[in-house]
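Participant: need a structure here:
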Amino acid sequence: MQALPSRSAETGPARASWTLFQLPQDQTCSLWKEIWAFQARPDDLVIASYPKAGTTWTQEIVDLIQNDGDIEKSQRSPIQLRQPFLEWTRATYFGKSPIYKLTLKTHLPVQLLPPSFWEKNCKMIYVARNAKDNMVSYYHFQRMNKRLPDPGSWDEYFEIFLAGKVLWGSWYEHVKSWWRKKDSHPILYLFYEDMLKDPKREIRKVMEFLGKNLKEEVLDKIVYHTSFDVMKNNPMTNYIDDKHLNHKLSPFMRKGVMGDWKNQFTEAQNKKFNEDYEKHMADTSLTFCMEP
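Facilitator: Numbers count the residues shown, from 1 in each chain. Got it, this is the predicted structure:
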C-alpha cells in the first residue's frame, strides 16, 4: 500500500492505494488484515454504498424495520454504534458483541469486501445515487470531514472525481460492480432517487427483503421518522461530532434533494461530465435519474 499526502502531512490521515482503490490510511489500511479476515455469520446484513449516496438514510430505515418500527429502540445509540462501519472498526469489537445478527455499513467496492460475506451468503442492501449529485455531496462532505483528504477547490475536485482518484475509488466501477453482483448474490439494489420519489414503496422493498411483515401504519411511521427533516434533527442519525466534523464548512446532512448538481456544475463541466458518463456507462444496463 502506498501512502499519499493528506491535508496535513503531520497530523492528518494519509491516503493509500490498494491496487486501483484509495482507502483511508489510518482508519482502514492500518486495520486491513483484520478487515479482510473478518468472519461473517449467515444472518449478518451488509448495507453498502458509495460515500454520500444515502447510506445513513438506509441504515435508519433498516434499523426501524428490524425493530418493528419501535422508535425508542432506534434511539438507543447513535447509528454508527448500532450499525458499525466495517472499514473503521476493529474486528475484535464485533467478536465481543453479544448480538448474533450484525448489521454493518461499508463503502468497499465488491472486490474488497471480505470473502466470508460471500461464503456465508449474507444478505446485502446497496444504495446508489446519481453521479452528479453524489459528486457534489461527496465534495462538501470532504470539505467538512477532518479525517478525509482536503478536496481542494470545486474545479480541482471535479477532475479528481471523474478520474476516480478519490477515497473508495471510481463511482463508475463501484456502482457497476455491485449491480453485476446482484445477479449471483442476494443483494437488494436501491436508488436514492427512487427513495426520494416514493419512500414508502422503497421501504416496503427493504421490509420484504428482510423477511418482515409490518402493518401499513408502521410503514407510515417509518416513512415519517426517516424523512430528511426528522433525521436532520435526530442526534442519533445526524453526526454532530465536532472533533472530526467541521459543521461551519458544511452540515453532515446538507440538502437531501435531487438535482443540486445544477447549483455547482458549470455548463462546461456538465458537458464534460455527460461525455465521460456516456463512455463509462456504455457497457451496463444500469441507469440513473439526474433530473428532479
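Participant: what about Ala48, which SS state?
Facilitator: Per DSSP: H, G, I helix; E, B strand; the rest coil, the secondary structure class of Ala48 is strand.
Participant: surely Trp168 and Gln111 touch.
Facilitator: No - with contact defined as Cβ atoms under 8 Å, Trp168 and Gln111 do not form a contacting pair (11.6 Å). For glycine as for every other residue, the C-beta is placed from the backbone atoms N, C-alpha and C.
Participant: which one's more surrounded, those two?
Facilitator: Higher neighbour count among Trp168 and Gln111: Trp168, with 22 against 14, using other Cβ atoms under 10 Å.
Participant: count the residues that sit near the residue lying closest to that one once chain neighbours are set aside.
Facilitator: Sequence neighbours aside, His107 is the residue nearest to Trp168 in space, at 4.7 Å (criterion: Cβ to Cβ, 6 or more residues apart in numbering). Here the count is done by other Cβ under 10 Å, and His107 has 23 residues near it.
Participant: what's the answer for the one 5 residues further on, then?
Facilitator: Leu112: 20 surrounding residues under other Cβ under 10 Å.
Participant: likewise Glu173?
Facilitator: 17.
Participant: is it true that it touches Leu112?
Facilitator: No - if you go by Cβ under 8 Å, Glu173 and Leu112 don't touch, sitting 11.4 Å apart.
Participant: now do the SS call for Asp155.
Facilitator: Put simply, Asp155 is helix when judged by three-state DSSP.
Participant: could you check how far it is from Arg143?
Facilitator: Distance of Asp155 to Arg143, given as Cβ to Cβ, to the nearest Å: 14 Å.
Participant: more neighbours: these two, which one.
Facilitator: Neighbours were counted for Asp155 and for Arg143 using other Cβ under 10 Å; Arg143 has more, 16 against 10.
Participant: the more buried one is in contact with Pro151, isn't it?
Facilitator: Yes - in this structure, Arg143 is within contact of Pro151 by Cβ under 8 Å, at 6.0 Å.
Participant: got the contact list for stretch 105-112?
Facilitator: 18-19, 21, 23, 46-51, 55, 59, 80, 83-87, 113, 168-169, 173-174, 177-178, 180-181 (Cβ atoms under 8 Å, 6 or more residues apart in numbering).
Participant: neighbours of Lys182, how many?
Facilitator: Lys182 has 13 nearby residues by other Cβ under 10 Å.
Participant: helices along the stretch 151-292 of the chain, start to end?
Facilitator: For the stretch 151-292 of the chain, the helices defined by DSSP state H, counting those that start in this stretch occupy 154-162, 171-181, 192-197, 199-209, 216-225, 228-232, 267-280.
Participant: am I right that Ala53 is in contact with Val127?
Facilitator: Yes - the pair Ala53 and Val127 passes the contact test of Cβ under 8 Å, sitting 5.6 Å apart.
Participant: joint contacts of those two?
Facilitator: By Cβ under 8 Å, 6+ apart, the residues touching both Ala53 and Val127 are Tyr192.
Participant: and stretch 148-160, what's its mean pLDDT?
Facilitator: For stretch 148-160, mean pLDDT rounds to 89.
Participant: flag every buried residue along that stretch.
Facilitator: Leu148, Pro149, Pro151, Trp154, Tyr157, Phe158, Ile160 (16 or more other Cβ atoms under 10 Å).
Participant: could you dump these into a markdown table and include distance to His280?
Facilitator: A markdown table is the format used below for the buried residues of stretch 148-160 (distance: Cβ to Cβ, whole Å):
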| residue | distance to His280 |
| --- | --- |
| Leu148 | 24 |
| Pro149 | 23 |
| Pro151 | 21 |
| Trp154 | 21 |
| Tyr157 | 18 |
| Phe158 | 15 |
| Ile160 | 15 |
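Participant: widest-spaced pair of those?
Facilitator: Pairwise distances across the buried residues of stretch 148-160 peak at 16.8 Å for Leu148 and Phe158 (criterion: Cβ to Cβ).
Participant: so is Val127 in a helix, a strand, or just coil?
Facilitator: strand.
Participant: correct me if wrong: Arg129 contacts Thr55.
Facilitator: No - the pair Arg129 / Thr55 is not scored as a contact, 9.6 Å apart, by Cβ under 8 Å.
Participant: higher neighbour count, those two?
Facilitator: More crowded of Arg129 and Thr55, by other Cβ under 10 Å: Arg129, with 28 against 23.
Participant: no further queries at this time; thank you.
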